[in-house]
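S.K.: how would this look folded up:
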Amino acid sequence: MEPMKPMKGMEPWWPEDLGQPSTSGAQNGMKYAFFPGKHRLLIEQDGKTTTYDSGDHKIGGVSQQDGGSKSLTFTSQNGDVDLGSLKKVD
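M.R.: Purely as a prediction, here's the structure:
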């Protein structure tokens, strides 16, 4: 009998030059990853990735509304982070 091989981890979906995120996750078809050293928050929804400049926010928490709504709320040392207040980066 052959021993079990280790499971492969999920391949990163973010650009390699960002390095490793301090926090990341996925739920209900949405993914997020935060890169504090680069001041970037990435959100992938429906196969489209949007990059935000996180400014001085150090995002440490995330919550998602229940009931099928696809909205995430991020928290930082400044409180809740409104995605509308963050600048989108191309």
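S.K.: Please state the offset of stretch 26-41 from the chain centre?
M.R.: 1 Å (C-alpha atoms, centre = their mean, to the nearest Å).
S.K.: Name the residues that touch the helix or strand of the chain with the lowest mean pLDDT?
M.R.: Taking mean pLDDT, DSSP states H and E as the measure, strand 61-64 is the helix or strand of the chain with the lowest mean score, a mean of 73. Strand 61-64 is contacted by residues T23, G25, Q27, N28, M30, Y32, K70, S71, L72, T73, F74, T75 when judged by C-beta atoms under 8 Å, 6 or more residues apart in numbering. For the C-beta atoms, the positions are set from N, CA and C on the backbone; glycine is no exception.
S.K.: So which of those sit within strands?
M.R.: Judged by DSSP state E, the contacts of strand 61-64 include T23, G25, Q27, M30, Y32, L72, T73, F74, T75 as members of strands.
S.K.: Please pick the buried ones from these.
M.R.: The neighbour-count criterion (16 or more other C-beta atoms under 10 Å) marks M30, Y32, L72, F74 among these as buried.
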